[in-house]
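Engineer: This is a predicted model, with the sequence first.
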Amino acid sequence: MNDINNKGKLLIETRKLTKRFGSLLVLNEIDEKFYEGEQVAIIGPSGSGKSTFLRCLNCMEDPTSGAIVFDGVDIADLKVDINVQRQKIGMVFQQFNLFANLNVLDNITLAPRYVAKKERRAKVRKNILIRIGNLFRKNKKPLLELGDSEKEINRKTEERAYELLRRIGLEDKAKVYPSTLSGGQKQRIAIIRALAMNPKVILFDEPTSALDPEMVGEVLDLMKSLGKEGMTMIIVTHEMGFAREAADRILFIDEGVIKEQGTPEEVFDHPKNPRLKEFLSKVL
Amino acid sequence: MKEKNSFLKKHWVDIIAIVAVVALFAWICTSIYINFRFAKKINIFYNYFIVNRGYERLLLGMKNTAIIAVSGLLIGIVIGTLIAVIKVVRPSNRPIRYAQKVVTVYVAFFRGTPMVVQLLVGYFILFPLMKLTVTPVAACVWIFGLNSGAYISEIMRGGINSVDSGQLEAARAVGMPFSFSMLKVVVPQAIKNILPTLGNEFIALVKETAVVGYVGAIDITNAFQYQGSNSYEYMIPYLVMALLYIVIVAAIAGLVKLMERKLAKNERH
């Protein structure tokens, strides 16, 4: 069971993942594994817990119990610095959620810039301590390499942002505010905003549900090309056609448990679970 | 001719009313002018204000009013934002719960007592207790800041709640910590939303500086009061004072409107 589509290294593993909202049991002891380089689509009726499951994977919702092991670290553990882990997990939302007070370029560079500068400042602080310590040491301790200056960091993150914008053909929109963009443009920028952090996995929470029908295509195309490049993606979606075409594996979630999973052919053409059969007969 | 007749016929009530109002106003003005001996009063005012350099005190007062109101607002925005953020955080651990209780008491105190009382308590009791010797203006700056912080916290809380929760979510999802996300994403949007209300708060603050005379700071009100009690002639100074406040407030209101328009434009392009 665990070895299906075992393309690469184990990336995310949930162990007995349970989530309750008050007395409502949303996720019931889900054990699941996600491997590097695979594209997994999660389908299921609304209210089944599929979005909650996705949001638990980067602890946007703290699980009630159970563990989420990402890259060898249990991120459900409150002692873990969740921010450092989230920098390696991209997320794309249904409502795009571009920062309305920043232009497109700043939207993309804000987080990478923050991370790089934070690392640099930590080194600067450490260097001060080393300098003070060196006053009393016989064998002087060498100072840490600082790497790029803050200006250089700004330049590099901007360069990377432009590179990503060129990829989606929206280079001319760099200085524009999100409110002037179409839904499809916003969502594509949201995707490259996640990409700018060089994440190990990107979580998509119904990325096309809030789009006009004619804009769905451009977003799905970008996602498909990411998949071809080997980006690990976990996608909650209602686009069955896309799921069949682009995903390696389909998870069907209902009533807080994974009722069935398998390759697109298995799930769509030979469903076994009666609930899945009923669901497919409604949506296909 | 016929045109004019029809005009008169149509509007004769209005015309009589206007004429009556104008006549009444003229009568009031002349009787005030004669009964209150305005010419003499203006002369006295001129003497004290220009010849005896009363305007120097007024300029000092205007400077102090500006210092107290502006720095009070800035301190208030910082404190108010902090309090608002503490209030909107989910109370997930004990320090946050205690902090929320503390700020609730803080807001209750500053909203529950008059400004004058806070000034008197602060300047004559608290600052001496802390062995701090401060000038009256500095004391006013701090107490106005603390006071407006309490009011702005409520305004800011509304502003933060008006920002779509997805904004904070998206910022947290890329791994930026709560404080940085608030500072760079949520609070700027909140401030834009509450700018008209913040302008109101600033106007209220400017008008509230009228009480700083209680602790011996010289402001606009104090300058005119001084002028009045020195010349035993109050009418002109007080009327000019009221007019000056109106002009200042109108100017601030205009500035706020300009700023709003500029921010709105920023978003469109």
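Structural biologist: Nice, I can see it. These numbers were taken from a predicted model, which means no experiment stands behind them.
Engineer: Could you use CA atoms for every contact and neighbour count after this?
Structural biologist: Will do.
Engineer: Chain A contacts on the stretch 101-250 of chain B?
Structural biologist: Residues of the stretch 101-250 of chain B lying near chain A by CA under 8 Å from any CA of the partner chain: B:166-167, B:169-170, B:172-177, B:185, B:188-189.
Engineer: Now that we have the residues you listed, can you turn them into JSON lines and tack on pLDDT?
Structural biologist: Below are those laid out as JSON lines (pLDDT from 0 to 100):
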{"residue": "B:Gly166", "pLDDT": "93"}
{"residue": "B:Gln167", "pLDDT": "95"}
{"residue": "B:Glu169", "pLDDT": "94"}
{"residue": "B:Ala170", "pLDDT": "94"}
{"residue": "B:Arg172", "pLDDT": "94"}
{"residue": "B:Ala173", "pLDDT": "94"}
{"residue": "B:Val174", "pLDDT": "92"}
{"residue": "B:Gly175", "pLDDT": "91"}
{"residue": "B:Met176", "pLDDT": "94"}
{"residue": "B:Pro177", "pLDDT": "93"}
{"residue": "B:Val185", "pLDDT": "94"}
{"residue": "B:Pro188", "pLDDT": "91"}
{"residue": "B:Gln189", "pLDDT": "92"}
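Engineer: contacting residues for the residue of the stretch 1-150 of chain A found nearest chain B?
Structural biologist: Minimum separation of the stretch 1-150 of chain A from chain B (CA to the nearest CA) falls at A:Asn83, amounting to 4.2 Å. Under the criterion of CA atoms under 8 Å, 6 or more residues apart in numbering or on different chains, the neighbours of A:Asn83 are B:Arg172, B:Val174, B:Gly175, B:Met176, B:Pro177.
Engineer: again with A:Ile253
Structural biologist: Taking CA under 8 Å, 6+ apart, one finds A:Ile42, A:Ile43, A:Gly44, A:Pro45, A:Ser48, A:Gly49, A:Lys50, A:Lys259, A:Glu260 in contact with A:Ile253.
Engineer: hang on, the earlier thing: can you tell me the element the residue of the stretch 1-150 of chain A closest to chain B falls in?
Structural biologist: helix A:82-86 (DSSP states H and E).
Engineer: cool, and A:Val26?
Structural biologist: A:Val26 belongs to strand A:24-35, assigned by DSSP H and E.
Engineer: returning to that earlier point: who are the packing partners of whichever helix or strand comes after the helix holding A:Asn83?
Structural biologist: Downstream of helix A:82-86, the next assigned helix or strand under DSSP H and E is strand A:89-92. For strand A:89-92, the packing partners by 3 or more CA pairs under 8 Å, 6 or more residues apart in numbering or on different chains; DSSP states H and E come out as helix A:183-195, strand A:201-205, helix B:165-173.
Engineer: now strand A:89-92: mean pLDDT?
Structural biologist: The average pLDDT within strand A:89-92 is 94.
Engineer: which residues does the residue nearest to B:Gly80 when sequence neighbours are not counted contact?
Structural biologist: Of all residues not flanking B:Gly80 in the chain, B:Ser153 sits nearest, at 3.7 Å (CA to CA, 6 or more residues apart in numbering or on different chains). Counting by CA under 8 Å, 6+ apart, B:Ser153 touches B:Ile77, B:Ile79, B:Gly80, B:Thr81, B:Leu82, B:Ile83, B:Ala84.
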